[in-house]
Every structure is written in C-alpha cells, then in structure tokens.
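S.K.: quick one, fold the following:
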Amino acid sequence: MRSVGLVVVAAFLAAVSVTAHAKDLSKNELQVCKWGAGIAGAAQQSKLSGTTLYSARKKLQSRKFAKPWMSKMALGITEQTYKSPSKLKPAAVNQTYYEGCIQHDLARK
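M.R.: Here you go, the predicted model:
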C-alpha cells in the first residue's frame with residue numbers, strides 16, 4: 001500500500017514539473033502536443049473497443065485536417081498506439097502522450 005502512495009506522489013510531481021516547464025514552449029507547440037494526445041487517446045479507445053487498425057486508418061483517412069502534415073502524423077500515432085501492448089485507459093494514454101511530447105519539445109530546445 002505504501003508503494004502505491006509513492007507511485008501516486010511521483011506521478012503527481014512529474015505532472016507538476018511538466019506543467020511548469022510547459023510554459024517555456026510556444027502556444028503552437030503546446031497545441032500540437034494536445035492535438036497528438038487527443039489522437040493517441042482516441043486510438044487507444046478504438047483499440048480497446050475492438051476496432052481494427054484497418055478501420056481506424058480508414059476513419060482517419062476520411063477525416064479533414066487543418067494542416068497537410070496532420071493526416072500522416074495521425075496515422076503514425078494511431079499505428080504506434082495499436083502496436084503497443086498497453087491496456088491503459090484512453091485518458092492515461094492521452095496524458096502520457098502529452099507529457100512525453102512536452103518533454104521531447106523541451107529537450108529539443
């Protein structure tokens with residue numbers, strides 16, 4: 001029970017740290033991370049509900065995106081999500097993707 005509490009505290013501190021550092025990123029970079037996290041969460045929801053990767057791809061291909069690069073990136077995020085053995089809830093995948101994206105962008109700077 002004690003180790004569960006430590007894990008929760010560590011996760012909370014990591015989230016606070018990412019949020020504090022996220023202020024160093026531009027509004028556009030944060031928006032891209034949020035968008036990608038939404039794609040990852042939706043892909044996880046589809047995967048857990050039993051939708052095939054083929055169907056998920058077809059759905060994305062029929063969708064209109066604001067920028068030309070978004071379609072290809074959405075397909076890549078979806079494929080990576082489907083290849084992952086993770087059974088996490090979509091909200092957890094969304095949060096994990098967002099935090100990882102922010103850390104990646106900060107590391108690039």
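S.K.: at which residues are the strands of the protein located?
M.R.: Counting by DSSP state E, the chain has no strands to list.
S.K.: OK, contacts around the residue nearest to Glu29 when sequence neighbours are not counted?
M.R.: Take Glu29 and drop its neighbours on the chain: the residue closest to it by Cβ to Cβ, 6 or more residues apart in numbering is Asp105, 5.2 Å away. Where C-beta positions appear, they are placed from N, C-alpha and C, glycine not excepted. Listed by Cβ atoms under 8 Å, 6 or more residues apart in numbering, the contact partners of Asp105 are 25, 29, 33.
S.K.: do you know how far Asp105 is from Leu53?
M.R.: Relative to Leu53, Asp105 is positioned 27 Å away (Cβ to Cβ, to the nearest Å).
S.K.: swap in Glu79?
M.R.: Separation of Glu79 from Leu53 (Cβ to Cβ): 7 Å.
S.K.: what do you get for Tyr97?
M.R.: Tyr97 is 18 Å from Leu53, where distance means Cβ to Cβ.
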